[in-house]
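1. Just the structure for this:
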Amino acid sequence: MITTTEIDLFDRYLRDDVVSNPMVGMSVVMTYHHEIIYSKGFGYRKLNPKKRITPDTIMSIQSITKSFAATTIMYLVEKNMIDLDEPLITYLPYFQTKNKKKSDSITVRQLLSHTAGFLGDIKIANLVCTNRTEIEGFKKWQEELGISNETINNIKSFEDITRYFKRIELAYAPGQGWKYCTDAYAIVGDLFEKVSGKSWHDYVLTNIFNKCGMTRSTLDPVKAKEDKDSARYYVMQEEVAFPTNPIAAPIGFIYSTANDMAKYLNAYMMDESPILTDKSIKEMKKKYFKVKVDLPNIHLEDMNYGLGWVTGKYKGQEIIEHGGGYTGVRSYVMMVPNEKLGIVVLTNYNEAKPVEICRKVLDLFLY
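-> Numbering: from 1, shown residues only. As a prediction, the model looks like this:
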């Protein structure tokens, strides 16, 4: 049972150890047994002019979006429209890499769990962001990768990104290793749309946002940016480009609030989730024991990557979590399903350390 004393200790930690350090803005929400027990904003969503941040400020969540993307595929699994262990080419026959024979064996499960064999630094999905000219260092990054303007300009859909993989050399045999590949989740969007015949964006809105009561969440960057309570993003307190990438949205371009994200976590911890069956949620949390997962700043026992979620243990408790990062964005969410405890930390500055805040919750509230 979480007590008011423990919540006060957590609040004091945020004020004394986090907010007292140089920062811009941060919103923190904690949910316990499906009730929000802590919800506060610290600092500013915008520095010039100064505007206070709140738990309802719309912010980029970046790669936490991948759990939403995996959820859309699990819906199709429930409808018997996709088999996780079928080769991806069953559904996307035009998918291949330079190693066609090997990539023909890549399964849907391997795509979702980052065990498909892809390199971790393909970067094409981020290069197609529609405001790339505003991003400092973009041109240098593009030149280092040897990707032409023509190639980038010709990518206008999930399918185009899937077809780009024909240029990619596999780093290891499918299923024989683990490497986090952001670009793979653009293929997830393509897979969903080709199999379902529905818009990935529309499905997320109707069947995840609406069913979870996430009234201030969106995939529309214009809507997110123009909202009256929307964050801007900073590196060393200098404003940077707004994260915008509708072409590759499943990799990390949902905009939400800390309060809305708490509702999303609750949907995963309910006895009867409004978005997936219990069987599907258990499938997403399955571990790949033979696969070594190496993620910086995350120190869990028995750590693995399931389907759109990082899994592991802390103080003997099952932990489900995921983070997101982009220039000026650092976000993290974490669940302790057995305790029905969830924590959301969204920030709008590059120097933030939301993982440490989540770890503090575990240290305070797990015995």
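2. And the strands in the chain, which stretches?
-> For the chain, applying DSSP state E gives strands covering 25-32, 35-47, 50-52, 59-60, 233-235, 238-240, 255-256, 301-305, 310-314, 317-326, 329-336, 341-347.
3. I'd like these laid out as JSON lines, including mean neighbour count and mean pLDDT.
-> In short, each C-beta sits where N, CA and C put it, glycine included. Listed next are the strands of the chain as JSON lines, based on neighbours: other Cβ atoms under 10 Å; pLDDT from 0 to 100:
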{"stretch": "strand 25-32", "mean neighbour count": "25", "mean pLDDT": "97"}
{"stretch": "strand 35-47", "mean neighbour count": "18", "mean pLDDT": "97"}
{"stretch": "strand 50-52", "mean neighbour count": "13", "mean pLDDT": "96"}
{"stretch": "strand 59-60", "mean neighbour count": "28", "mean pLDDT": "98"}
{"stretch": "strand 233-235", "mean neighbour count": "21", "mean pLDDT": "96"}
{"stretch": "strand 238-240", "mean neighbour count": "16", "mean pLDDT": "95"}
{"stretch": "strand 255-256", "mean neighbour count": "27", "mean pLDDT": "98"}
{"stretch": "strand 301-305", "mean neighbour count": "17", "mean pLDDT": "84"}
{"stretch": "strand 310-314", "mean neighbour count": "19", "mean pLDDT": "90"}
{"stretch": "strand 317-326", "mean neighbour count": "21", "mean pLDDT": "94"}
{"stretch": "strand 329-336", "mean neighbour count": "25", "mean pLDDT": "96"}
{"stretch": "strand 341-347", "mean neighbour count": "29", "mean pLDDT": "97"}
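4. and of these, who's closest to Lys166?
-> Closest of the strands of the chain to Lys166 is strand 301-305, at 25.4 Å (criterion: Cβ to Cβ).
5. for the strands of the chain, which one sits closest to Ile147?
-> Taking the strands of the chain one by one with Cβ to Cβ, strand 317-326 is closest: 19.0 Å.
6. Let's have the strands of the chain in JSON lines, adding distance to Glu134.
-> Formatted as JSON lines, these follow (distance: least, Cβ to Cβ, whole Å):
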{"stretch": "strand 25-32", "distance to Glu134": "20"}
{"stretch": "strand 35-47", "distance to Glu134": "17"}
{"stretch": "strand 50-52", "distance to Glu134": "21"}
{"stretch": "strand 59-60", "distance to Glu134": "15"}
{"stretch": "strand 233-235", "distance to Glu134": "11"}
{"stretch": "strand 238-240", "distance to Glu134": "8"}
{"stretch": "strand 255-256", "distance to Glu134": "17"}
{"stretch": "strand 301-305", "distance to Glu134": "32"}
{"stretch": "strand 310-314", "distance to Glu134": "31"}
{"stretch": "strand 317-326", "distance to Glu134": "13"}
{"stretch": "strand 329-336", "distance to Glu134": "15"}
{"stretch": "strand 341-347", "distance to Glu134": "21"}
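7. so which of those comes closest to Gly197?
-> With Cβ to Cβ as the criterion, Gly197 lies closest to strand 255-256 of the strands of the chain, at 26.0 Å.
8. residues in contact with the closest one?
-> Residues outside strand 255-256 that contact it (Cβ atoms under 8 Å, 6 or more residues apart in numbering) are 58-61, 214, 216-221, 223-224, 230, 264, 346.
9. Filter these down to the buried ones.
-> 58-61, 214, 216-219, 221, 224, 230, 264, 346 (16 or more other Cβ atoms under 10 Å).
10. What about these, which are in helices?
-> Among these, the members found in helices (DSSP state H) are 221, 224, 264.
11. Look up which residues are beta-bridged to the nearest residue in space to the second one that is not next to it in sequence.
-> Nearest residue to Ala224 in three dimensions, chain neighbours excluded: Tyr255, at 3.7 Å (Cβ to Cβ, 6 or more residues apart in numbering). Counting by DSSP bridges, Tyr255 forms beta bridges with Ser60, Thr218.
12. show me where the stretch 101-250 of the chain has helices.
-> Counting by DSSP state H, counting those that start in this stretch, the stretch 101-250 of the chain has helices at residues 108-112, 124-127, 138-145, 149-153, 158-164, 184-196, 200-203, 210-212, 221-226.
13. ok so, going back, between the ones in helices among the buried ones among the contacts of strand 255-256, which is closest to Thr206?
-> When those are ranked by distance to Thr206 (Cβ to Cβ), Tyr264 comes first, at 14.8 Å.
14. Quick one: residues contacting the closest residue to Glu169 other than its chain neighbours.
-> Leaving out its chain neighbours, the residue that sits closest to Glu169 by Cβ to Cβ, 6+ apart is Lys98, at 4.8 Å. Contacts here follow Cβ under 8 Å, 6+ apart; on that basis Lys98 touches 166-170.
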